[in-house]
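1. Structure of the sequence below:
(one chain, ligands or ions: 1)
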Amino acid sequence: MMDGHEVTVVDNFFTGRKRNVEHWIGHENFELINHDVVEPLYIEVDQIYHLASPASPPNYMYNPIKTLKTNTIGTLNMLGLAKRVGARLLLASTSEVYGDPEVHPQSEDYWGHVNPIGPRACYDEGKRVAETMCYAYMKQEGVEVRVARIFNTFGPRMHMNDGRVVSNFILQALQGEPLTVYGSGSQTRAFQYVSDLVNGLVALMNSNVSSPVNLGNPEEHTILEFAQLIKNLVGSRSEIQFLSEAQDDPQKRKPDIKKAKLMLGWEPVVPLEEGLNKAIHYFRKELEYQANNQYIPKPKPARIKKGRTRHN
Ligand SMILES: O=c1ccn([C@@H]2O[C@H](COP(=O)(O)OP(=O)(O)O[C@H]3OC[C@@H](O)[C@H](O)[C@H]3O)[C@@H](O)[C@H]2O)c(=O)[nH]1
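-> Down below sits the predicted model:
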């Protein structure tokens, strides 16, 4: 929009919120449509960022059939739209296509290690078939596709109930509650800040790279290290609580981003602590907002009908 493009945001608000975009409402380049991509969409566009799908494990596992429909039927609908209007489509794929990886770090030529019937399958297999659909439409129909394999990402405007580790730990630390580590905490992740991801997505969309590209920050830590770091940044006295391990939880994950560097000239620039401090600031404000804006229904006075006696 700042570059003069007209942007139509399509959301069914399953995990998104109108508050996240309310500051754009009224801008002449902005339009917001309440729509679910599982149903066809008829609009005129040049580029489609197909980002639909819950991305947090508790959210996508909450309704696995809906997650599958969004990633399969939703992707077919978006590819159909791209074909009809001659638009380029960028699919938000995921590091989860690598499953619980046996190769470390993960580069784009790794085929992955995914349990097709496990609790994560609705998402990781859903995204794998979404990638397959993109390349089928490219080969058969000549649709221009871009595929971003997005690694763990965090930042302001995440939902308070998102359930992923960064927002959980920050909210727990801010409220003095125990930080919930699943398993031993020795599993690793590498987190990128949201603005780095957005820059990577725009660079990929406008590049000539049609094969999948990893977008992530390669700085890897154990989950226990993350818990300590967030606790320290918040200045919290919360304890660390060890809960049972999540089923099929990937044990190690870190992107190999050589391809993005070479072909897009992209790499993350926001240091982890700087990004975490921005997210901490956001969630602090969100907690204040929630405390000040809770809707507490006022008790209604009983309505007394005059002049009539009720006989049962
Ligand atoms: O409260 C929590 C939440 C999570 N965790 C652990 O922290 C790690 C990261 O978990 P998250 O739920 O944040 O995210 P995951 O890495 O499991 O999945 C993510 O992967 C990449 C993206 O495509 C998706 O957004 C998401 O599926 C896992 O090992 C998980 O078990 C905790 O220890 N405590």
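2. pLDDT at residue 116, what is it?
-> Here the pLDDT value assigned to residue 116 is 98.
3. Provide the secondary structure category for it.
-> The assignment at residue 116 comes out as coil when based on DSSP: H, G, I helix; E, B strand; the rest coil.
4. secondary structure element for the closest residue in space to it that isn't next to it in sequence?
-> Leaving aside its sequence neighbours, residue 116 sits nearest to residue 125 (C-beta to C-beta, 6 or more residues apart in numbering; 5.6 Å). Bear in mind the C-beta positions are built from the backbone N, C-alpha and C, glycine included. Residue 125 is part of helix 121-141 when elements are defined by DSSP states H and E.
5. In that helix, which residues are buried?
-> 121-131, 133-134, 137-138 (16 or more other C-beta atoms under 10 Å).
6. Please apply the same query to stretch 109-117.
-> 110, 112, 114.
7. Tell me if I'm right that residue 239 and residue 179 touch.
-> Yes - Residue 239 is within contact range of residue 179, at 7.3 Å (criterion: C-beta atoms under 8 Å).
8. more neighbours, the two?
-> Neighbour tally, residue 239 and residue 179, criterion other C-beta atoms under 10 Å: the higher count belongs to residue 179, 26 against 11.
9. interface residues of the stretch 101-250 of the chain facing the ligand?
-> Neighbours of the ligand within the stretch 101-250 of the chain, by C-beta under 6 Å from any ligand atom: 150, 152, 164-165, 168, 180-182, 187, 189, 223, 246, 249.
10. Does residue 129 touch residue 72 like I think?
-> Yes - with the criterion set as C-beta under 8 Å, residue 129 and residue 72 qualify as a contacting pair; they are 6.0 Å apart.
11. show me where the stretch 151-300 of the chain has strands.
-> For the stretch 151-300 of the chain, strands defined by DSSP state E, counting those that start in this stretch occupy the ranges 153-154, 179-182, 188-190, 192-193, 213-215, 220-222, 240-243.
12. Can you tell me which of these is packed in deepest?
-> When neighbours are counted by mean count of other C-beta atoms under 10 Å, the highest per-stretch mean among the strands of the stretch 151-300 of the chain falls to strand 213-215, a mean of 26.
13. For that one, what is the distance to the chain centroid?
-> Its chain's average C-alpha position is 15 Å from that of strand 213-215, according to C-alpha atoms, centre = their mean, to the nearest Å.
14. For it, name the packing helices and strands.
-> When contacts are defined as 3 or more C-beta pairs under 8 Å, 6 or more residues apart in numbering; DSSP states H and E, strand 213-215 sits against strand 145-150, helix 194-205, helix 258-264.
15. which parts of the second one are buried?
-> In other words, helix 194-205. Residues of helix 194-205 classed as buried by neighbour count (16+ other C-beta under 10 Å): 194, 196, 197, 199, 200, 201, 202, 203, 204, 205.
16. Format those as a markdown table; extra columns: pLDDT.
-> Rendered in a markdown table, the data for the buried residues of helix 194-205 read as follows (pLDDT from 0 to 100):
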| residue | pLDDT |
| --- | --- |
| 194 | 98 |
| 196 | 98 |
| 197 | 98 |
| 199 | 98 |
| 200 | 98 |
| 201 | 98 |
| 202 | 98 |
| 203 | 98 |
| 204 | 98 |
| 205 | 98 |
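17. now, which of the residues you listed sits nearest the ligand?
-> Compare each of these with the ligand using C-beta to the nearest ligand atom and the shortest gap goes to residue 197, at 10.8 Å.
18. show me what contacts the closest one?
-> By C-beta atoms under 8 Å, 6 or more residues apart in numbering, residue 197 lies in contact with 150, 153, 215.
19. Looking at those residues, which is nearest residue 20?
-> For these, the residue nearest residue 20 by C-beta to C-beta is residue 153; the value is 14.8 Å.
20. Surely the closest one touches residue 192?
-> Yes - with the criterion set as C-beta under 8 Å, residue 153 and residue 192 qualify as a contacting pair; they are 5.2 Å apart.
21. Now do the shared contacts for residue 239 and residue 179.
-> When contacts are counted by C-beta under 8 Å, 6+ apart, residue 239 and residue 179 have no shared neighbour.
22. Please write out the alpha-carbon positions of the helix or strand bottoming out on mean pLDDT in the chain in CSV.
-> Taking all helices and strands of the chain together, the one with the lowest average confidence (mean pLDDT, DSSP states H and E) is helix 57-62, at a mean of 93. Extracted as CSV, the C-alpha positions of helix 57-62 are listed here (Å, rounded to 0.1, in the frame of the first residue of the first chain):
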residue,chain,number,x,y,z
PRO,A,57,-0.1,-26.3,16.5
PRO,A,58,-3.0,-26.0,19.1
ASN,A,59,-5.0,-24.0,16.5
TYR,A,60,-4.5,-26.2,13.6
MET,A,61,-5.1,-29.4,15.7
TYR,A,62,-8.3,-27.9,17.1
